[in-house]
Every structure is written in structure tokens, then in C-alpha cells.
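Peer 1: Below: sequence and its predicted model.
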Amino acid sequence: MRAESVVFEVDRSDLRKTRVVPLEGPDGEGLAPGEARLRVDAFALTANNISYAVFGDMLKYWRFFPAEGNWGRIPVWGFATVLASRAEGVDAGRRVYGYLPMASHLVLRPERVGAAGFLDGAPARAELHAAYNSYQWTDADPLYRAGEEPQIMLLRPLFSTSFLIEDFLSEESDFGAGTVIVSSASSKTSLALAACLKRARETGGRARAVTGLTSASHVGFVEGTGLYDTVLSYDALETLPAEPSVFVDMAGNKTVRLRLHTHLGDALKYSCSVGGTHWEETGGAKGVPGPRPTLFWAPERVKKRQADWGAGGLQDRMSEAWRAFLASAGGAIEVAHISGPEAVSGAYLDLLEGRTPPRAGLVMHL
């Protein structure tokens, strides 16, 4: 058991300002009926979490783990162990996978406890989407394998989003396009999307070309993954052929978006806004020619496919694609374990400033 219980926070108006502050003690004292205290074993930090912070107000990410004043707690994905519980059906010692703060411990209010896991019923999360409020028992999780915990933390949430984007594009017949262009091509979400698009083509699904846009320094890494048909630096964006295309924007860079929309003109059939990895260059789409960028909201797609296929049907399809993704692309990531408040703070700032190598997968412990 850690000697001190702490949480990492950022200034919501200046993501470069951070602090690590104490939390309540890690024992079971003070738990109200229905509450459980968990130790955070490990969590992953990726560009996806930076997007959570960038869009924290608009998409309500700051509301999952409220902090005082203008401070915010960035949500992350990871594993935690129940230390003490006054919630029925939640036993000390069991482990869960789910949505966590960047902290050493947290208190949840488990509800709808079942064989697969539970939902957090904290009042602050009552109006937030269930996809982010679910905690899965590792011993009942069909995607869990003990030797793959780093890959699960780093890639599973990103893969889920990418799987759903590919499914959406397929259902829409790519809006009549034959090429999918993906920005921030070195990001893990983009790599997962490229893998899903490639797999669809190889398994009899839609055959579309996949082009990745990335910084000049990352072109070699992205090409080396073998997931894209074409890789271009942002400087070469205007060399894209004016062919019917869909743009999946993981970067959120307003300048890149304007250049691409202007260059492709009527050939751009759909513009899908997903992330904000270029967090200082994000901005509105007012005045952008061509199709208006449309936000992709994964929880809504989950709701649709659960209605279409049932929860089990969606899980089965996603599990099959997940195993294929790990086999084809999991080796592109090198796991780096980061421990302690100072190291976590430094690694966060490196990621924020774009200094983290694209191959690195940050697994953190506070």
C-alpha cells in the first residue's frame, strides 16, 4: 500500500500548469454505505487524454472526476484494485478495468453490480454516458489477458473509437469516397483506425485507400508500421490527388484542416472531427470550404450498435477485431513505465509539448 494518496491535476485554462495534491487516506475509514475505495494500479497516458483535456468543457470530461476551482483531473484508462468496500457485491481484492483519474486511489459508488462489473453512481457522473462509467472485472472481461495489461491500457480505448469510426464509414459507404485521409497518423488512435480500415479491406469489406498525414519527423515511423498505403508530411498536403476522399481529423489543427478542405474542394465528401492532438492549433470550422466538419461521438455509436446487434454482438465483433489489431500492430508500441509524481508530471509535459516519441507507450503509476 502506498504511503500517500495523491492526484495529478492541471489548470483547465493552461494545460502546462500542473500540481500533485493529497487525497483522503487509502484505508476504508470514512467510506459511506455503498462506497468502495480502490487503489489505482496503473494507467496509460496518450494523446487521446490530451484531447480529453482540450475538449474537457465542451464534452464534459472534467465532470467525471471534479476538482476544486479551475483545476481539472484528466480521465485516463487503467486498472485498479478494490481495497475496501461498503458496496454490496464489491469485494476487496478484486480488480477492475475502467475510467480513472490520474491518481493513486479513488472512491467510487458502485451500482448495478453484476457478473461483468458495475457502474459508478456518483452524483457528478449521473448525467454522463454509461460507456465511461462502466468498470469491468478483469476476471470476467473477455478482452483481458494478464500479459497484455499495458497494451489494454494504451490501446483498447483508442481501438474502440477507431473500430466504431470504421464501422460508421462502412455503413455510410465512405460517403462515396475511395480514400480515407487521417491526420496525426502517428497517434495511437490513428494507427488503430488505419489497422481497422486495412482489416476491412482484407476481410472482404470496403476497399479504400488509406493516407496518413503526419509531421516530417514521424514519416519514417508511420511508414514502418505498414498500416497506411500512403504517408505524407503536412508540408506535402497539397500533393494529395483531388480524388473523392473522407477526412478523419485526429489532430484538430485548424490550419491543416483549412488547407486540406481548400485543396480537395468538392472532392472532399465528408470531414470527421475526432481529436485535438495539435491542442494549441485547434479552432472552429467557420469559413472552411466543403463539408462542415462533424464531431464523431463514440458513445452514441456504441448505443446504436448495441441496439442493432445487442451488447454481446458488439462485444464479439470488437473482440475479434481487437485480437487482429494486436497481432498486426501491437508491436509498434514500446511500453515505458513512469512512476512517481515528479516523473509523471514530466512525462505529461513531454507528451503535451510533442516531445514523446510516437513509438512510446506511457504506462504510469502514482
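Peer 2: Noted; the coordinates are in hand. All of these numbers come straight from a predicted model, not from anything done at the bench.
Peer 1: can you list the weak-confidence ranges in the stretch 1-150 of the chain?
Peer 2: 1-3, 24-29 (pLDDT under 70).
Peer 1: Which parts of it are helices?
Peer 2: Here the stretch 1-150 of the chain has its helices, by DSSP state H, counting those that start in this stretch, at 47-54, 130-133, 149-171.
Peer 1: what's the next secondary structure element after the longest one?
Peer 2: Translated: helix 149-171. Counting by DSSP states H and E, the next helix or strand C-terminal to helix 149-171 is strand 179-182.
Peer 1: Note down every partner strand of that following strand and its orientation.
Peer 2: If you go by DSSP bridges, strand 179-182 pairs up with strand 209-214 (parallel), strand 245-249 (parallel).
Peer 1: among those strands, which is nearest Y234?
Peer 2: Minimum separation from Y234 across the strands paired with strand 179-182 (C-beta to C-beta) falls at strand 209-214, 5.8 Å. Using the backbone N, CA and C atoms, a C-beta is placed for each residue, glycine as well.
Peer 1: helices and strands around whichever helix or strand comes after the closest one, which ones?
Peer 2: Where DSSP H and E defines the elements, the next helix or strand beyond strand 209-214 is helix 219-225. In terms of contacts (3 or more C-beta pairs under 8 Å, 6 or more residues apart in numbering; DSSP states H and E), helix 219-225 is packed against strand 230-233.
Peer 1: Touching the strand it packs on from outside, list them.
Peer 2: Here strand 230-233 makes contact (C-beta atoms under 8 Å, 6 or more residues apart in numbering) with 185, 209-216, 219, 222-223, 239-240.
Peer 1: so can I have CSV of those showing pLDDT and neighbour count?
Peer 2: Listed next are the contacts of strand 230-233 as CSV, based on pLDDT from 0 to 100; neighbours: other C-beta atoms under 10 Å:
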residue, pLDDT, neighbour count
A185, 94, 31
A209, 96, 17
V210, 97, 23
T211, 98, 22
G212, 97, 28
L213, 97, 29
T214, 96, 25
S215, 93, 17
A216, 95, 11
V219, 96, 18
V222, 94, 27
E223, 96, 15
T239, 96, 10
L240, 96, 20
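Peer 1: avg pLDDT for the biggest helix by length in the chain?
Peer 2: Secondary structure assigned by DSSP state H gives helix 298-329 as the longest helix of the chain. The pLDDT scores in helix 298-329 average 90.
Peer 1: after it comes which helix or strand?
Peer 2: With elements assigned by DSSP H and E, the helix or strand that comes after helix 298-329 is strand 334-339.
Peer 1: Report the mean per-residue pLDDT for that next one.
Peer 2: 96.
Peer 1: buried stuff in that strand?
Peer 2: By neighbour count with 16 or more other C-beta atoms under 10 Å, strand 334-339 contains the buried residues I338.
Peer 1: Tell me the helices and strands packed up against it.
Peer 2: Identification of packing neighbours for strand 334-339 by 3+ C-beta pairs under 8 Å, 6+ apart yields helix 149-171, helix 341-352, strand 360-365.
Peer 1: Could I get the CA-only coordinates of the second one as PDB?
Peer 2: Yep, that's helix 341-352 we're talking about. Only the C-alpha atoms of helix 341-352 are listed here, as PDB (Å, rounded to 0.1, in the frame of the first residue of the first chain):
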ATOM      1  CA  PRO A 341       4.600  12.300  -9.100                       C
ATOM      2  CA  GLU A 342       7.700  14.100 -10.500                       C
ATOM      3  CA  ALA A 343       8.200  11.600 -13.300                       C
ATOM      4  CA  VAL A 344       4.500  11.500 -14.100                       C
ATOM      5  CA  SER A 345       4.400  15.300 -14.300                       C
ATOM      6  CA  GLY A 346       7.500  15.400 -16.500                       C
ATOM      7  CA  ALA A 347       6.100  12.700 -18.900                       C
ATOM      8  CA  TYR A 348       2.800  14.500 -19.100                       C
ATOM      9  CA  LEU A 349       4.500  17.800 -20.100                       C
ATOM     10  CA  ASP A 350       6.600  16.000 -22.700                       C
ATOM     11  CA  LEU A 351       3.500  14.500 -24.200                       C
ATOM     12  CA  LEU A 352       1.700  17.800 -24.200                       C
END
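Peer 1: Start the count at 495 instead of 1 going forward.
Peer 2: All right, first residue 495 from here; so that's helix 835-846.
Peer 1: What residues sit buried inside stretch 620-636?
Peer 2: Under the neighbour-count criterion of 16+ other C-beta under 10 Å, stretch 620-636 has L622, H623, A625, Y626, N627, S628, Y629, Q630, W631, T632, D635 buried.
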